[in-house]
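K.L.:
Got a predicted model here, sequence first, then my questions.
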Amino acid sequence: MPAMKSQPFFIPAVVFAVISVPLVLGMVPPNRIYGVRTRRTLSSPEVWRKTNRVAGWAVLAASVFYLEVTRSYPYLPAARDFYKVFLIHIAAWAGPLVAALVIAVRYSKKVG
């Protein structure tokens, strides 16, 4: 089995996991750079905090999910089914991240 670090989205998954931790802990104040930034989240510190905690957990879960996929379906550039496995990796990395964003934005509409 190849090293985890050789998987195509290993580094981005780890980076997203690391940057999600301050969101989970509620350490990020409203800003225009880092976090889920919508008119609703930027209009209320409470909505910001609650929404970004949910987003942080969702992004952390998405990153862990991808890291588990790398163990189950390792990416091997020389393999015959290279494209199939690469598509699995793209879907396993991007799909949960998009789902996390959708979850957070929908949650922001309910909280407050």
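P.N.:
Alright, I've got the coordinates.

K.L.:
ranges for the helices of this protein?
P.N.:
10-24, 39-43, 45-72, 82-110 (DSSP state H).

K.L.:
ranking the ones you listed by burial, who's on top?
P.N.:
Highest mean neighbour count of the helices of the chain: helix 45-72, a mean of 19 (counted as mean count of other C-beta atoms under 10 Å). Placement of C-beta: from N, CA and C, glycine included.

K.L.:
closest to Pro30 out of the helices of the chain?
P.N.:
helix 45-72 (4.4 Å; C-beta to C-beta).

K.L.:
Let's have the helices of the chain in a markdown table, adding mean pLDDT.
P.N.:
Shown next, in a markdown table, are the helices of the chain (pLDDT from 0 to 100):
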| stretch | mean pLDDT |
| --- | --- |
| helix 10-24 | 91 |
| helix 39-43 | 93 |
| helix 45-72 | 92 |
| helix 82-110 | 87 |
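
K.L.:
Let's have those in JSON lines, adding distance to Asn31.
P.N.:
Shown next, in JSON lines, are the helices of the chain (distance: least, C-beta to C-beta, whole Å):
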{"stretch": "helix 10-24", "distance to Asn31": "12"}
{"stretch": "helix 39-43", "distance to Asn31": "9"}
{"stretch": "helix 45-72", "distance to Asn31": "9"}
{"stretch": "helix 82-110", "distance to Asn31": "15"}
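
K.L.:
Tell me how far Tyr34 lies from Val28.
P.N.:
6 Å (C-beta to C-beta, to the nearest Å).

K.L.:
who has more neighbours, those two?
P.N.:
More neighbours surround Val28 than the other of Tyr34 and Val28, with 18 against 13 (other C-beta atoms under 10 Å).

K.L.:
from memory the more buried one sits against Gly35, does it?
P.N.:
Yes - between Val28 and Gly35 there is a contact under C-beta atoms under 8 Å: 5.3 Å.

K.L.:
Any chance you could list residues touching both of Tyr34 and Val28?
P.N.:
Applying C-beta atoms under 8 Å, 6 or more residues apart in numbering, one finds that no residue jointly contacts Tyr34 and Val28.

K.L.:
confidence score at Met4?
P.N.:
Met4 is assigned 66 on the pLDDT scale.
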